[in-house]
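# Give me coordinates for this.
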Amino acid sequence: MTDTGSPPDGGQDYEESLAKSDRSVASFARSHTPIETLQHVLHGNPTLVPVIVLIVSVGIFGLIAGERFFSAFNLTLIIQQVSIIGMLAAAQSLVILTAGIDLSVAAIMVLMSVIAGKLSIEMGVPAPLALLVAFAGGTAAGLLNGFLVTKAKLPPFITTLGTWSIFYALNLWLSGAQSIRSSDLDEQAPFLKFFGNVIEIGGARITFGSILMVLVFVALWYALNKTAWGRHVYAVGDDKEAAELAGIRTDRTLLSVYGLAGLVCAIAAWASIGRVGSISPQAFYEGNLQSITAVVIGGISLFGGRGSILGALFGALIVGVFQSGLRLAGVDVLWQVFAIGWLIIIAVAIDQWIRKVSA
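Below is the predicted model:
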């Protein structure tokens with residue numbers, strides 16, 4: 001019986017022919033250009049883009065504005081200014097990762113701050129209990145969005161556009177379009193302003209609200225990257241039908257995402273009271289668009305399933321750096337908005353380019 005595993009003779013010629021065959025097959029593998037290599041790296045690390053933009057922005061505005069920009073006071077002020085929008089961006093990121101969008105995040109936040117204030121100031125409810133009611137209300141508002149998206153099968157954009165109007169109208173009705181003054185909060189419910197407290201270290205002024213924002217992002221990052229629930233969120237955003245075939249209960253996942261987003265908005269409501277010092281039914285009117293801006297600049301794909309929630313934090317910081325740097329450089333507010341608009345367009349263009357990466 002002959003051995004068919006190798007030729008009976010000419011073993012050296014046989015090995016040489018195999019080597020040539022391997023080289024001919026390998027020749028079909030095209031080497032990547034430097035641009036394509038960069039594209040692959042950014043595709044595998046979507047948060048790298050906002051990190052680079054943030055570092056470059058800090059460097060450029062530091063050169064333009066000088067020591068004023070790099071002062072401890074100014075740098076911590078930037079973090080203070082983006083703390084509320086940052087938390088709204090965290091809530092927005094959860095929904096966008098599932099290929100949805102939530103246009104009601106700011107309306108939920110303001111409504112919950114009004115509810116907490118009304119309960120504490122006008123009804124005498126202890127502030128901690130009023131906050132628990134607000135947290136429950138925020139979660140319920142998020143679940144309403146999730147129910148309409150999953151059970152009624154309504155598009156997230158239209159659904160949350162509608163609930164934004166509903167929550168905003170309820171906000172004006174409950175508040176009577178009147179603000180709750182800082183002095184009233186100081187007298188009857190100072191606990192509502194807890195996150196406005198400041199820790200001073202040298203020239204730095206770190207508010208409790210800034211610390212809360214970082215903690216919220218860390219907690220959500222852990223949930224999205226270290227738990228089965230987080231993997232399900234990314235799977236639903238990447239391909240909902242494929243996720244269902246894999247046994248993931250997609251509707252339950254979406255409901256949990258919208259509910260958690262509502263809870264984060266309610267937590268942001270508490271922080272916003274400390275940040276502003278009062279409760280205004282018309283505060284953070286542009287919070288929806290600003291949260292989406294931070295998410296987009298942060299490298300989270302609007303098509304879902306790709307990006308890190310930490311990118312939204314970097315995105316919010318980039319906006320804060322631009323606004324602070326341009327203000328210190330003496331640029332008019334109009335042109336600050338102009339610059340942020342171009343920043344959004346460039347961020348979306350980069351996302352589209354990264355998504356076209358070839359295998």
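
# switch to C-alpha atoms for all contacts and neighbour counts from now on
OK.

# Contacts only, for residue 130.
Residues in contact with residue 130 (C-alpha atoms under 8 Å, 6 or more residues apart in numbering) are 115-117, 119-120.

# can you pick the most crowded of the residues you listed?
Among the contacts of residue 130, the one with the most neighbours (other C-alpha atoms under 10 Å) is residue 117, at 32 neighbours.

# That one contacts residue 180, correct?
Yes - contact criterion C-alpha atoms under 8 Å: residue 117 and residue 180 qualify, at 7.2 Å.

# Common neighbours of those two, please.
residue 279.

# Residue 205: what secondary structure?
Classification of residue 205 by DSSP: H, G, I helix; E, B strand; the rest coil places it in strand.

# ok, now how distant is it from residue 76?
Separation of residue 205 from residue 76 (C-alpha to C-alpha, to the nearest Å) stands at 6 Å.

# out of these two, which sits in the busier spot?
For residue 205 and residue 76, the more surrounded residue by other C-alpha under 10 Å is residue 205, and the numbers stand at 20 against 17.

# Give me the pLDDT for the more buried one.
Among the per-residue scores, residue 205 holds a pLDDT of 90.

# what's across from it in the sheet?
residue 200 (DSSP bridges).

# Please identify which helix or strand holds residue 141.
helix 127-150 (DSSP states H and E).

# and that helix, what's its mean pLDDT?
Rounded mean pLDDT across helix 127-150 is 97.

# okay, the angle between the longest helix along the chain and helix 127-150?
For the chain, the helix with the greatest residue count under DSSP state H is helix 250-276. Angle of helix 250-276 versus helix 127-150, following axes from the mean of the first three to the mean of the last three C-alpha atoms, to 10 degrees, is 140 degrees.

# what's the next secondary structure element after helix 250-276?
helix 287-297.

# what's the following helix or strand past that following helix packed up against?
Proceeding N to C from helix 287-297, the next assigned helix or strand is helix 309-328, under DSSP H and E. Applying 3 or more C-alpha pairs under 8 Å, 6 or more residues apart in numbering; DSSP states H and E, one finds that helix 309-328 contacts helix 48-65, helix 67-70, helix 72-96, helix 208-226, helix 287-297, helix 333-355.

# Please identify the buried residues of helix 309-328?
309-326, 328 (16 or more other C-alpha atoms under 10 Å).

# swap in stretch 144-160?
Quick answer for stretch 144-160 (16+ other C-alpha under 10 Å): 144-150, 156, 159-160.

# which two from those residues end up farthest apart in space?
Farthest apart among the buried residues of stretch 144-160 by C-alpha to C-alpha are 150 and 160. That separation is 12.8 Å.

# Any stretches of this structure with poor pLDDT?
Applying pLDDT under 70 to the chain flags residues 1-31, 355, 357-359.

# ok, now with 90
In the predicted model, the chain carries pLDDT under 90 at residues 1-53, 56-57, 60-69, 176-177, 201-204, 282-290, 296-307, 322-323, 325-359.

# Would you mind listing the residues in contact with residue 146?
Neighbouring residues of residue 146 by C-alpha under 8 Å, 6+ apart: 254-259.

# and if we set it to 10 Å?
95, 102, 140, 152-154, 156, 159-160, 251-259, 261-262 (C-alpha atoms under 10 Å, 6 or more residues apart in numbering).

# Identify the contacts common to residue 150 and residue 160.
Common neighbours of residue 150 and residue 160 are listed as residue 144 (criterion: C-alpha under 10 Å, 6+ apart).

# packing partners for whichever helix or strand comes after the helix holding residue 141?
Using DSSP H and E, the helix or strand that follows helix 127-150 towards the C-terminus is helix 156-175. For helix 156-175, the elements it packs on are helix 105-121, helix 127-150, judged by 3 or more C-alpha pairs under 10 Å, 6 or more residues apart in numbering; DSSP states H and E.

# Let me see the contact set for residue 243.
When the contact criterion is C-alpha under 10 Å, 6+ apart, the partners of residue 243 are 232-237, 249-250.

# now, which of those sits nearest residue 302?
Proximity of those to residue 302 was ranked by C-alpha to C-alpha; the top entry is residue 237 with 9.7 Å.
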